[in-house]
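Engineer: Whatever this is, show me its structure:
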Amino acid sequence: MFLRRVARPLMMMAKVKETTGIVGLDVVPNAREVLISLYSKTLEEIKAVPEDEGYRKAVESFTRHRLKVCREEEDWESIEKRLGCGQVEELIEEAKDELKLIGHMIEWKPWGIPDDYECEVIENDAPVPKHIPLHRPGPLPEEFYRTLEAVSTNTLEDAVSRSEKDEPAIASGEQQSK
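Structural biologist: Numbering: from 1, shown residues only. Below is the predicted model of the structure:
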């Protein structure tokens, strides 16, 4: 009798999450504390990335925001609502993944260019070396050139009315002649 009168109202006040509704993703009862720990660790580890790198700036920005929300809010529902990025359990998975990625980024150093790296610059009039593929577009349809000329001479209305009267350059099912 005592438990029903006292414990039930207390249980109703404490919002207990029973399931995430996502297969394979279990409820984390202390999600707020886990998130605070992961976000703090993320902010420490990202310091190994150079300060001027966009990746570091982005990670620091959203991690600081999420950490601030987690410190200000007490329950998981408020955190989820304020962040609007899914359930706290999903946020935990994302934070773990980000920590792994930070480790890889530090190892790979995509922001650094080796001192011995040589970049071949090809000017417009220089011949293209044989080892570089040429990517030249095919010929443009005559209609394109007519429209371009009409736009440049401010006679676009004439070109539009002419193209409406003309037959289409390619009827359906026909192949374009080269």
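
Engineer: tell me the contacts of the nearest residue to Ala31 once chain neighbours are set aside?
Structural biologist: Leaving aside its chain neighbours, Ala31 sits nearest to Val88 (3.8 Å; criterion: C-beta to C-beta, 6 or more residues apart in numbering). C-betas here are computed from N, CA, C, even on glycine. Shown in contact with Val88 (C-beta atoms under 8 Å, 6 or more residues apart in numbering): Val28, Ala31, Arg32, Leu35, Trp76, Ile79, Glu80.

Engineer: mind giving me JSON lines with those and columns for pLDDT, secondary structure and neighbour count?
Structural biologist: Shown next, in JSON lines, are the contacts of Val88 (pLDDT from 0 to 100; DSSP: H, G, I helix; E, B strand; the rest coil; neighbours: other C-beta atoms under 10 Å):
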{"residue": "Val28", "pLDDT": "96", "secondary structure": "coil", "neighbour count": "19"}
{"residue": "Ala31", "pLDDT": "97", "secondary structure": "helix", "neighbour count": "20"}
{"residue": "Arg32", "pLDDT": "97", "secondary structure": "helix", "neighbour count": "19"}
{"residue": "Leu35", "pLDDT": "98", "secondary structure": "helix", "neighbour count": "25"}
{"residue": "Trp76", "pLDDT": "95", "secondary structure": "helix", "neighbour count": "23"}
{"residue": "Ile79", "pLDDT": "97", "secondary structure": "helix", "neighbour count": "21"}
{"residue": "Glu80", "pLDDT": "96", "secondary structure": "helix", "neighbour count": "20"}
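
Engineer: Could you report the distance from the most centrally placed residue in the chain to Ile102?
Structural biologist: Nearest residue to the geometric centre of the chain (C-alpha atoms, centre = their mean): Ala58, 11.0 Å. According to C-beta to C-beta, to the nearest Å, Ala58 and Ile102 sit 12 Å apart.

Engineer: Buried residues, stretch 53-65. List them.
Structural biologist: Neighbour-count burial for stretch 53-65 flags Glu53, Arg56, Val59, Glu60, Thr63 (criterion: 16 or more other C-beta atoms under 10 Å).

Engineer: do stretch 82-96 as well
Structural biologist: Leu83, Gln87, Val88, Glu89, Leu91, Ile92, Glu93, Glu94, Ala95.
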